[in-house]
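J.: Any chance you could fold what I've pasted below:
(one chain, ligands or ions: 1)
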Amino acid sequence: MSGRVLVFSICCVIPLALTYFAAGHETVRNQIALSAGVVAFSMMAVNLFLATRPALVEPMVGGLDRVYELHKWIGISVIVLILIHTQLRFVQLEGVVAPGSLAETSVKVAEPAFYAMLILLLVSAVKRLPRLPYEIPYHIWRQSHRLVGVVFLALVFHQYFVKAPFTAADPVGWWLNMMAIIGVGSFLYTQFGAVLRRRAYRVTSVTKHVAATIVEAEPLGRGLSTRPGNFAFLSARRNGLREPHPFTVSGILPDGKIQFSIRGLGDYTRRLRDLLQEGDKLLLEGGYGQFSYLRGGDLQVWVAGGIGVTPFLAMADDLSPNEARQIVMVYCVRNRADAVGIERLEAAAARSANFTLHLFESDTAGRFDAAALLALVPFEMGRADLFFCGPGPMRTGLLDQLKAAGKTPAHVYFERFEFR
Ligand SMILES: Cc1cc2nc3c(=O)[nH]c(=O)nc-3n(C[C@H](O)[C@H](O)[C@H](O)COP(=O)(O)OP(=O)(O)OC[C@H]3O[C@@H](n4cnc5c(N)ncnc54)[C@H](O)[C@@H]3O)c2cc1C
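T.: Numbers count the residues shown, from 1 in each chain. Okay, here's the model as predicted:
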C-alpha cells in the first residue's frame with residue numbers, strides 16, 4: 001500500500017467510519033462537528049508521528065522531504081477542521097454537563113487550546129508573510145512548531161473527558177485513545193528520544209572551496225548508516241552551530257569517514273564556514289532520503305545546479321568501471337572555479353565508460369535550458385529517467401520546457417534542499 005493511502009486511511013477513512021458508527025443517529029450538524037473533531041485529532045497525532053522522521057514511512061512516501069510535505073498539508077487541513085469543529089460545535093441533546101465536572105473543564109481547556117493551535121499552525125504554514133520580504137527565522141518557526149505538541153496535550157485532555165455520544169469503550173473511543181498515545185509518545189520522542197539517533201563524529205578537515213565549505217569527519221564509535229544520495233542532520237558542539245541542519249552526504253569514504261559540501265546560503269551555513277575547525281565534534285542523524293540512481297532505469301540523465309551537485313558526488317563515486325546503466329550528467333555552474341568536486345566527477349567519467357560528464361558554464365554558455373540539455377543527451381529523453389538536484393525554479397522551468405518540446409522524461413526524481 002502506498003504511504004499516502006495509508007496516511008489518508010488513518011487520518012480520514014477510519015475515523016469517519018468509526019464516528020458514523022458511534023454517532024450516526026445524531027443530527028447532521030452534530031455529526032459534522034464530531035467528525036471534524038475526530039479527524040482533526042487523528043491528523044494531529046499522525047503529524048506528530050511523522051515529525052519523528054519514521055524510517056518505515058519514509059520509503060513508502062518517497063523521501064523525508066515528501067514526508068514533510070505531507071505533514072504540511074495535514075497541518076493545513078487541521079486548520080480547516082478546527083474551524084469547522086469550533087464554529088459548528090456539538091450541541092448536547094440529552095442532559096447537561098455537570099458544573100465543575102471534568103467534562104466541563106475539558107471544554108473550557110479546549111477553547112483556548114483550539115485557538116492556540118490555530119495560531120501555531122498558521123505560523124507554521126506561513127513561512128513568508130504575504131507581500132513582505134520578511135521570512136520567519138527558522139529557529140523561531142521551529143520553537144513555535146514545538147508548542148504544537150504542548151497544545152496537543154491539552155486537546156488529549158479535552159477528547160478524553162468531553163461529553164460525547166460515545167464512551168471510551170466504543171471503537172471510536174478506542175481509536176481516539178490510541179491516537180492520543182501515538183501523538184503524545186511521538187511528541188515526547190521528538191523532544192527527548194531523538195538524541196539517541198545521533199552519532200558522534202570528529203572533524204578531520206575543513207576546506208574552504210570558493211563555492212562551498214567541505215567538511216570531512218570520522219566516526220567516534222558507531223557511524224551513520226548511509227547510502228549515496230542520502231542526507232543527514234548535522235550540528236556541531238560549538239556555539240552558534242548547535243542547531244541541526246540537513247546536508248547531503250557528499251562523500252562516503254572507505255575508512256568510515258564522511259564528507260559534506262556546504263554552501264554559505266544563510267546565517268548558519270556562513271557561520272559554519274567561519275567557525276568550524278578540525279577536531280570539532282559533530283552530531284549527525286541520518287541517513288535519510290530516497291534520492292538514488294539505483295531506483296532509476298538503464299538510461300539516466302543527472303542534472304545538478306550549483307550546490308545541488310552533492311548527492312551526485314556520492315553517487316558518481318559509487319559507479320563501478322562496468323556500470324551497465326548509461327548515465328549522462330550535466331553539472332550547471334557559473335564557471336569551473338565554482339564546480340565543487342569536479343575532479344571526482346571527471347575521475348568517475350574516466351573510470352566508467354557509460355558515465356558521461358558535461359560541465360555547463362553559464363558564464364560562457366549562457367542560460368541552461370531544455371534545448372541545451374537535449375543537445376547533450378544522446379538517447380531519447382522519453383525513455384530516460386531524470387535525476388535533478390538544484391534550485392526549484394530551475395527544475396520547474398526545465399520540466400515545463402521539456403514537456404513543451406514533447407520530451408518529458410519517463411520518470412523524474414528530485415531532491416529539494418528545502419523542507420518548509
Ligand atoms: C534534504 C536536504 C539536503 C541538503 N543538502 C545540502 C547540501 O548538501 N549542501 C548545502 O549547502 N545545502 C544543503 N541543503 C540546504 C541547507 O540545509 C540549507 O541551506 C541550510 O539549512 C540553510 O540554513 P541557514 O541558516 O544557513 O540559512 P537560512 O537563510 O536561515 O535558511 C534558509 C532556508 O533553509 C531552511 N532551513 C534553515 N534552517 C533549517 C534547519 N535547521 N532544518 C531544516 N531546514 C532549515 C529553511 O527552509 C530556510 O528557509 C539541503 C537541504 C535539504 C532539505
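J.: Enumerate every residue touching Glu69.
T.: Neighbour list for Glu69: empty [criterion: C-beta atoms under 8 Å, 6 or more residues apart in numbering]. To be clear about C-beta, it is placed using only N, CA and C from the backbone, and glycine gets the same treatment.
J.: no, scratch that, I was asking about Phe417
T.: With C-beta under 8 Å, 6+ apart, Phe417 has these contacts: Ile307, Gly308, Cys389.
J.: ok, now His139?
T.: Contacts of His139 (C-beta under 8 Å, 6+ apart): Glu243.
J.: hmm, back to that, and the ligand, which of the contacts of Phe417 reach it?
T.: Ile307 (C-beta under 6 Å from any ligand atom).
J.: Enumerate the positions of stretch 409-419 that are buried.
T.: For stretch 409-419, burial by neighbour count (16 or more other C-beta atoms under 10 Å) applies to Pro409, Tyr413, Phe414, Glu415, Arg416, Phe417.
J.: what separates it from the chain centre, distance-wise?
T.: Stretch 409-419 sits 13 Å away from the centroid of its parent chain (C-alpha atoms, centre = their mean, to the nearest Å).
J.: now that stretch: mean pLDDT?
T.: Averaging pLDDT along stretch 409-419 gives 88.
J.: Could you do stretch 123-133 as well?
T.: On average, stretch 123-133 scores 68.
J.: And stretch 360-376, by the same measure?
T.: Computed over stretch 360-376, the average pLDDT equals 96.
J.: For that stretch, buried residues please.
T.: Buried, per 16+ other C-beta under 10 Å, within stretch 360-376: Phe360, Glu361, Phe368, Ala370, Ala372, Leu373.
J.: and which of the buried residues of stretch 409-419 is nearest to the ligand?
T.: The nearest member of the buried residues of stretch 409-419 to the ligand, counting by C-beta to the nearest ligand atom, is Phe417 at 3.7 Å.
J.: how about the buried residues of stretch 409-419, which pair is most distant?
T.: By the measure C-beta to C-beta, Pro409 and Phe417 form the most distant pair in the buried residues of stretch 409-419, at 20.6 Å.
J.: Val78 and Asp363, how far apart?
T.: Distance of Val78 to Asp363, given as C-beta to C-beta, to the nearest Å: 47 Å.
J.: which residues sit against stretch 33-41?
T.: Contacts for stretch 33-41 (C-beta under 8 Å, 6+ apart): 11-12, 15-16, 18-20, 23, 26, 77-78, 81-82, 84-85, 88-91, 155, 159, 164-165, 172, 175-176, 179-180.
J.: Could you rerun that using 6 Å?
T.: Under the contact criterion C-beta atoms under 6 Å, 6 or more residues apart in numbering, stretch 33-41 has outside partners 12, 15-16, 19, 23, 78, 81-82, 84-85, 88-90, 159, 179.
J.: Next: stretch 374-385.
T.: Taking C-beta under 6 Å, 6+ apart as the rule, stretch 374-385 contacts Gly296, Gly297, Leu299, Gln300, Val301, Val328, Val330, His358, Lys407, Pro409, Ala410, His411.
J.: Helix, strand or coil: sort out Val330 for me.
T.: Following DSSP: H, G, I helix; E, B strand; the rest coil, the label given to Val330 is strand.
J.: so it touches Val303, yeah?
T.: Yes - using C-beta atoms under 6 Å, Val330 is in contact with Val303, at 5.1 Å.
J.: so is Thr364 in a helix, a strand, or just coil?
T.: helix.
J.: What ranges does the stretch 101-250 of the chain have for its strands?
T.: 199-209, 212-219, 231-236, 245-252 (DSSP state E, counting those that start in this stretch).
J.: where exactly do the helices run in the chain?
T.: For the chain, the helices defined by DSSP state H cover 3-8, 14-23, 28-50, 57-61, 64-88, 102-125, 138-161, 171-188, 267-275, 310-318, 342-351, 362-365, 370-376, 392-404.
J.: tell me the most buried of these?
T.: helix 310-318 (a mean of 24; mean count of other C-beta atoms under 10 Å).
J.: just the angle between it and strand 212-219, please?
T.: Between helix 310-318 and strand 212-219, the angle comes out at 60 degrees (axes from the mean of the first three to the mean of the last three C-alpha atoms, to 10 degrees).
J.: Average pLDDT for helix 310-318, rounded please.
T.: On average, helix 310-318 scores 98.
J.: So which other helices or strands are in contact with it?
T.: In terms of contacts (3 or more C-beta pairs under 6 Å, 6 or more residues apart in numbering; DSSP states H and E), helix 310-318 is packed against strand 245-252, helix 342-351.
J.: Nearest the middle, which residue of the chain would you pick?
T.: Asp65 (2.8 Å; C-alpha atoms, centre = their mean).
J.: Which residues of the stretch 251-400 of the chain lie near the ligand?
T.: Counting by C-beta under 6 Å from any ligand atom, the stretch 251-400 of the chain sits next to the ligand at Ser261, Ile262, Arg263, Leu265, Gly266, Asp267, Tyr268, Thr269, Ile307, Thr310.
J.: closest to the ligand among those residues?
T.: Once C-beta to the nearest ligand atom is applied, the member of these that ends up nearest the ligand is Gly266, at 1.8 Å.
J.: Check the spacing between that closest one and Asp317 real quick.
T.: 28 Å.
J.: what ranges of the stretch 51-200 of the chain fall below the confidence cut-off?
T.: 92-96, 127-134 (pLDDT under 70).
J.: pretty sure Gln300 is touching Val328, no?
T.: No - counting by C-beta under 6 Å, Gln300 sits too far from Val328 to count as a contact (7.4 Å).
J.: Those two - which one has more neighbours?
T.: Using other C-beta atoms under 10 Å as the criterion, Gln300 and Val328 rank with Gln300 on top: 25 against 20.
J.: and the more buried one, bridged to which residues?
T.: Ile327, Asp385 (DSSP bridges).
J.: Distance of it relative to Val184?
T.: Applying C-beta to C-beta to Gln300 and Val184 gives a distance of 44 Å.
J.: do Leu88 as well
T.: 27 Å.
J.: and if you look at Cys389?
T.: 37 Å.
J.: Same check on Ala371?
T.: Ala371 is 55 Å from Val184, by C-beta to C-beta.
J.: Could you do Phe388 as well?
T.: 39 Å.
J.: What of Arg336?
T.: 54 Å.
J.: Nearest to the ligand: which residue in the stretch 1-150 of the chain?
T.: Closest point on the stretch 1-150 of the chain to the ligand, by C-beta to the nearest ligand atom, is Tyr138, at 3.7 Å.
J.: Thank you kindly, that will do.
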